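# quick one, what's the 3D model for this:
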Amino acid sequence: MSSFISLATKRRTIYHLGNNLPQSKEAINDIILEASKQAPTAFNSQSTRIITLFGAEHHKVWDMVLEALKPVLAADVFEGTKAKVDSFKAGNGTILYFEDNQVVEDLQAQFPLYAANFPKWSEQAHGIAAYGVWLALAEANIGASLQHYNELIEDAVKKAWGIPAKWSLKAQMPIGSIETPADPKGFIDTDERFKTFG
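The predicted model follows:
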């Protein structure tokens with residue numbers, strides 16, 4: 001098995017995170033920055049933007065999630081959801097992924113023939129960047145998961161950290177020490193997902 005496939009196999013969604021990482025904040029930021037820089041983008045647009053949160057700032061974003069969820073969930077449902085959100089908060093930090101819509105709009109104006117595609121390519125850029133970062137974190141034995149509370153917290157996030165209006169929040173990735181490994185992963189039948197001809 002190739003080293004890349006081994007790494008892709010190692011990357012898993014880790015829900016039981018802890019605050020016991022040996023890496024410094026600076027070392028973690030270096031991993032995130034370099035992995036995201038190397039992610040390919042259509043027209044080399046480099047539209048992905050990343051904010052990392054540690055310490056009280058990391059806790060703040062998950063408090064925002066709970067504050068936004070409490071009015072819209074029934075009390076019994078909220079308690080289960082709170083336990084899940086608390087598991088993210090128990091980690092070491094959070095990565096906030098954004099796409100810069102100004103980049104998308106500028107490319108649409110510059111290349112009108114492809115205008116309808118640039119928003120799709122921006123979404124792809126985010127996905128590739130998040131996956132690349134996730135792989136790099138897995139290589140460093142840092143646990144992570146990808147969460148999407150975007151519409152609930154985007155306005156509060158932008159206000160709290162002075163995020164430009166044109167940046168669109170795409171995902172939140174809590175990170176931390178792996179306190180409980182992921183369960184074995186199930187797969188659909190190969191015939192349902194893979195075909196070859198010729």
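# ok, now how distant is His58 from Gln147?
Plainly put, His58 is 13 Å away from Gln147 if you go by Cβ to Cβ, to the nearest Å. Backbone N, C-alpha and C define where each C-beta goes, glycine included.
# who has more neighbours, the two?
A direct count of neighbours by other Cβ atoms under 10 Å for His58 and Gln147 places His58 higher, at 21 against 17.
# that one: what secondary structure?
Here His58 is helix, with the state taken from DSSP: H, G, I helix; E, B strand; the rest coil.
# and if you look at the one 5 residues further on?
Secondary structure of Asp63, reduced to three states by three-state DSSP: helix.
# for it, give me its contacts.
Each residue near Asp63 by Cβ atoms under 8 Å, 6 or more residues apart in numbering is listed here: Lys89.
# tell me how far it lies from Thr94.
Separation of Asp63 from Thr94 (Cβ to Cβ): 11 Å.
# and the gap between Ser87 and Leu137?
For Ser87, the distance to Leu137 (Cβ to Cβ) stands at 17 Å.
# which helices and strands does the longest helix along the chain pack with?
In the chain, assigned by DSSP state H, the helix with the most residues is helix 118-139. Using 3 or more Cβ pairs under 8 Å, 6 or more residues apart in numbering; DSSP states H and E, the elements in contact with helix 118-139 are helix 3-10, helix 25-37, strand 48-54, strand 93-100, helix 101-110, strand 143-144, strand 167-178.
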